[in-house]
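Need a 3D model of the sequence below.
(one chain, ligands or ions: 1)
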Amino acid sequence: MQSAKSYRGRLAPSPTGLLHLGHVRTFWIAAQRAAQHSGTLILRNEDLDRQRSRPEFVEAMIEDLRWLGIRWSEGPDCGGEYGPYVQSARREHYLEAWRQLRDREFIYPCTCSRKDLAQAASAPNELDDEPIYPGHCRNRQDGLKFAEPAGVNWRFRVPDGEEIGFTDLNLGEKSYMAGRDFGDFLVWRRDDVPSYQLAVVVDDAAMQITEVVRGADLLKSTARQLLLLRALGLEAQIPAYFHCELLRDSSGTRLAKRHNALSIRHLRKSGLTPEGVLELAFRPSASADFSNISELHE
Ligand SMILES: [Zn+2]
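Next up is the predicted model:
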């Protein structure tokens with residue numbers, strides 16, 4: 001008989017801006033769930049976006065999370081046995097996964113230009129979502145000729161028509177159809193950066209994460225990641241998923257980093273306590289009017 005794995009959760013912010021109220025909700029729930037399970041919480045710095053990541057945002061996110069009262073026992077600031085906890089230092093892990101996917105022909109090199117894609121692709125239904133790739137390069141069989149990923153885009157050939165389902169611990173049964181809800185997604189970019197999908201799957205498996213708590217904007221990405229986990233032979237390490245409802249302002253727009261007045265930093269400077277910030281973050285969306293805050297403190 002197998003004993004239950006002990007709970008390992010993660011906080012995975014990107015240092016591309018200041019953490020804001022929207023993050024507070026997700027990270028607080030992640031911390032609560034780890035505590036309820038007497039589990040381990042880790043902090044992972046997801047800094048693969050070289051253009052937008054800044055060291056000062058790494059410092060700020062660590063300080064802001066601590067100020068809120070969130071504690072973790074493994075991370076870039078405190079180490080741990082599954083380190084490094086900084087994605088830019090984990091290239092070898094991603095490369096190994098890329099090689100496996102290339103060898104088993106789950107991925108193919110794509111040389112379509114941005115312009116080709118803009119002309120052919122259907123627009124994504126949601127903000128931030130990857131457009132469905134029209135498939136121009138999907139029958140290429142020359143992946144094995146590449147010793148390194150750099151120079152072309154690499155896409156995962158999704159099994160068209162297959163329903164990818166999972167039970168979300170917060171939002172219930174979810175199902176997405178490959179080829180309809182999402183297409184051949186990027187695994188490695190021509191500028192030599194692994195995609196979010198690949199890096200997260202590789203890291204969560206390597207760091208033995210048992211439950212992923214994140215925003216509901218990533219629900220569809222979970223379907224992509226389940227395909228990657230299967231292709232990499234990591235089925236035994238598929239984590240549980242808990243997607244949190246996104247915080248929206250009174251007009252229904254989801255809070256983003258551009259809402260500077262809603263950064264933890266700004267709210268703190270304007271005199272709010274951690275409890276006050278948490279109260280704001282957990283107000284029901286319908287009654288959340290954040291316009292006051294921006295007016296008062298900007
Ligand atoms: Zn292409």
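
make it CA atoms for all contacts and neighbour counts henceforth
Noted.

So which residues on this protein come close to the ion?
110-112, 137 (C-alpha under 5 Å from the ion).

Where is pLDDT lowest across these?
Note: of these, the lowest pLDDT belongs to residue 112, at 93.

In PDB, could you pull the C-alpha coordinates for whichever strand or helix holds residue 198?
Assigned by DSSP states H and E, residue 198 belongs to helix 196-206. Extracted in PDB, the C-alpha atoms of helix 196-206 (Å, rounded to 0.1, in the frame of the first residue of the first chain):
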ATOM      1  CA  TYR A 196       5.600  29.100 -19.300                       C
ATOM      2  CA  GLN A 197       3.800  25.700 -19.900                       C
ATOM      3  CA  LEU A 198       7.000  23.700 -20.200                       C
ATOM      4  CA  ALA A 199       8.800  25.400 -17.300                       C
ATOM      5  CA  VAL A 200       5.900  25.100 -14.900                       C
ATOM      6  CA  VAL A 201       5.400  21.400 -15.600                       C
ATOM      7  CA  VAL A 202       9.100  20.600 -15.300                       C
ATOM      8  CA  ASP A 203       9.500  22.600 -12.100                       C
ATOM      9  CA  ASP A 204       6.300  21.300 -10.400                       C
ATOM     10  CA  ALA A 205       7.400  17.700 -11.100                       C
ATOM     11  CA  ALA A 206      11.000  18.300 -10.000                       C
END
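
Packing partners of it?
When contacts are defined as 3 or more C-alpha pairs under 8 Å, 6 or more residues apart in numbering; DSSP states H and E, helix 196-206 packs onto helix 91-103, strand 186-189, helix 219-231.

The first one versus helix 219-231: what angle between them?
Counting by axes from the mean of the first three to the mean of the last three C-alpha atoms, to 10 degrees, helix 91-103 points 70 degrees away from the direction of helix 219-231.

follow-up on the earlier one: from the rest of the structure, what touches the helix holding residue 198?
48, 82, 87, 93-94, 97, 186-188, 221, 224-225, 228-229, 234, 237-238 (C-alpha atoms under 8 Å, 6 or more residues apart in numbering).

Just the pLDDT for the residue of the stretch 151-298 of the chain found nearest the ion.
Residue nearest to the ion within the stretch 151-298 of the chain: residue 153 (7.8 Å; C-alpha to the ion). Listed pLDDT for residue 153 reads 97.

Pretty sure it sits against residue 186.
Yes: using C-alpha atoms under 8 Å, residue 153 makes contact with residue 186 at a distance of 6.9 Å.

Just confirm residue 278 is within a helix.
Yes: judged by DSSP: H, G, I helix; E, B strand; the rest coil, residue 278 forms part of a helix.

returning to that earlier point: if you average the pLDDT over the very next helix or strand once past the helix holding residue 198, what comes out?
The helix or strand immediately downstream of helix 196-206 is strand 211-215, counting by DSSP H and E. Here strand 211-215 scores 97 as its mean pLDDT.

for strand 211-215, packing partners?
Against strand 211-215 (3+ C-alpha pairs under 8 Å, 6+ apart) you get strand 8-11, helix 21-36, strand 240-244.

closest one to residue 173 among the ones you listed?
Residue 173 sits nearest to strand 240-244 of all those, at 11.0 Å, using C-alpha to C-alpha.

Residues touching that closest one, excluding its own?
Contacts of strand 240-244 (C-alpha under 8 Å, 6+ apart): 25-26, 167-171, 210-216, 218-219.

Show me how to select, in PyMOL, the buried members of the residues you listed.
This is the PyMOL syntax for the buried subset of the contacts of strand 240-244, where burial follows 16 or more other C-alpha atoms under 10 Å:
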select buried, resi 25+26+168+210+211+212+213+214+215+216+219
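
where does the stretch 101-250 of the chain dip in pLDDT?
120-128 (pLDDT under 70).

could you redo the last one with a cut-off of 80?
The stretch 101-250 of the chain contains residues with pLDDT under 80 at 118-129, 248-250.

Spit out the contact partners of residue 153.
109-111, 186-190.

swap the cut-off to 10 Å and go again
Going by C-alpha atoms under 10 Å, 6 or more residues apart in numbering, residue 153 touches 107-113, 185-195.

Using ChimeraX, define a selection of the buried residues within those.
To isolate the buried ones among the contacts of residue 153 in ChimeraX, judged by 16+ other C-alpha under 10 Å, type:
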select :107,108,109,110,185,186,187,188,189,190,193,194,195
